[in-house]
Each structure stands twice: as C-alpha cells, then as structure tokens.
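Student: Here is the input, now give the coordinates:
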Amino acid sequence: MLQLDPSETSEVIENGGVIAYPTEAVYGLGCDPDNDVAIEKLLALKQRPWQKGLILVASDYSQIAPYLDDTQLTEKQLAFAFSKWPGPFTFIMPIRSDISKLLCGNFNSLAVRVSAHPGIQAICNKLGKPLVSTSANITGQQPAMSVDEVTMQFEGVIAGVVTGKLGCEANPSTIIDALSGKVLR
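Tutor: Here you go, the predicted structure:
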C-alpha cells in the first residue's frame, strides 16, 4: 500500500482513488466527492449502504458551500457553525438539489465539517475541494487508529494511506443539525 504525504494525494484522488488518512480522532476513508465511481468504490469497501449518506471535510467553508443550500439557514445558524470551525464539529446542512445521492443518501441534507487537522487541511488545499470522509473501518468494526490497522483492513483495496498523526480528540466529531441546533452525536 502506498504511504503518501498529504501533498502527494491530489493525483490519486483525482484519478478516482480511495485513500485512508488521519483525522481528529480516527483514520478516515476518503475520495473525490464529485466522482460517483470513487464514492461507490468507497461504499463497497466499507460495506456501507449508500442510503446513510457521507460526510464532507474541507479546509474552509468555501469548499463545501457549492454542495449546500445555505439560503435555508439564518445568519445566526451560519454564525454558530462558523464559531465551531475549524474544529471537530460536523454540521448537518441543507443541500442543493443537484448533488449526488451517494453523498446525501436518503436525506435532503449533508454532513459537513471544516477541519482544523493539518493533514486534512493540506489535502483539501492541494485538491481545491472537500474530501468525502467516513471512518476507516468495515461497517460494524472499530475504526482504524493507526497505519497498521488501516493496512490490516484495506491492504490491496485502497490506493494508499496518508502518513501523519491523529488529532487529539478522543471521539469522532460532534454532529449538530444546523437547522435545529440539536446535537445528534
């Protein structure tokens, strides 16, 4: 399995590859959010039903804004999200009608996070767009916490793993519904 520096991931992702990378708390699996073939591959690897939807992570809000219909949010609701970003907070936000159902699943919303993790920031800055993000594990198993654990689960089936350290969070990100303000996880 390729071991990649965050600055080396763009070509792999742009060519439809699925990568594993360290996030704030666990390793994630990611791919290009505008490539349905790559998303289908990620979902198959993870054995995750498409109906559940996925998360997008970004280095700044401008990268995720094209996927969202933030006209449905008040200035106060947006300001609350911006007060938590960058950081380990994922917000469920209304979507544009034309985004892939593979991203939003059976929902009319999408989970999005502006990450403070330096590796995610570097990947998204180099790519110039957000990255699909889901924990690096087969559904029902524990998320990978190291390159060795990623290798044990995904050797030979993903394009590579990004080197770097996990963030300091003990748990996956807090998920908040941007419309209601309700904490979902």
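
Student: Describe which strands the helix or strand hosting Ser133 pairs with in its sheet and in which direction.
Tutor: Per DSSP states H and E, Ser133 falls inside strand 131-135. Partners of strand 131-135 in the sheet, by DSSP bridges, are strand 27-30 (antiparallel), strand 55-58 (antiparallel).

Student: can you give me the helices in this structure?
Tutor: Using DSSP state H, the helices of the chain run over 10-14, 36-46, 61-64, 75-84, 101-104, 118-127, 147-154.

Student: Most tightly packed of the ones you listed?
Tutor: Highest mean neighbour count of these: helix 118-127, a mean of 21 (counted as mean count of other CB atoms under 10 Å). Backbone N, C-alpha and C define where each C-beta goes, glycine included.

Student: neighbouring contacts of that helix?
Tutor: By CB atoms under 8 Å, 6 or more residues apart in numbering, the residues outside helix 118-127 that reach it are 6-7, 9-10, 13-14, 21-23, 30, 32, 57-59, 63, 86, 115, 130-131, 162, 164-165.

Student: With stretch 7-18 instead?
Tutor: Contacts of stretch 7-18 (CB under 8 Å, 6+ apart): 2, 4, 19, 21, 29-32, 35, 37-38, 41-42, 45, 122-123, 126-127, 131, 158-160, 162.

Student: Also stretch 39-47?
Tutor: Outside stretch 39-47, the residues touching it (CB under 8 Å, 6+ apart) are 16, 18, 29-33, 49-50, 54, 100, 102-103, 132, 134, 137-140, 154, 157-158.

Student: contacting residues around the residue positioned nearest the centre of the chain?
Tutor: Central residue of the chain (CA atoms, centre = their mean): Ser133, 2.2 Å from the mean position. When contacts are counted by CB under 8 Å, 6+ apart, Ser133 touches Thr23, Gly28, Leu29, Gly30, Leu54, Ile55, Leu56, Val57, Arg113.
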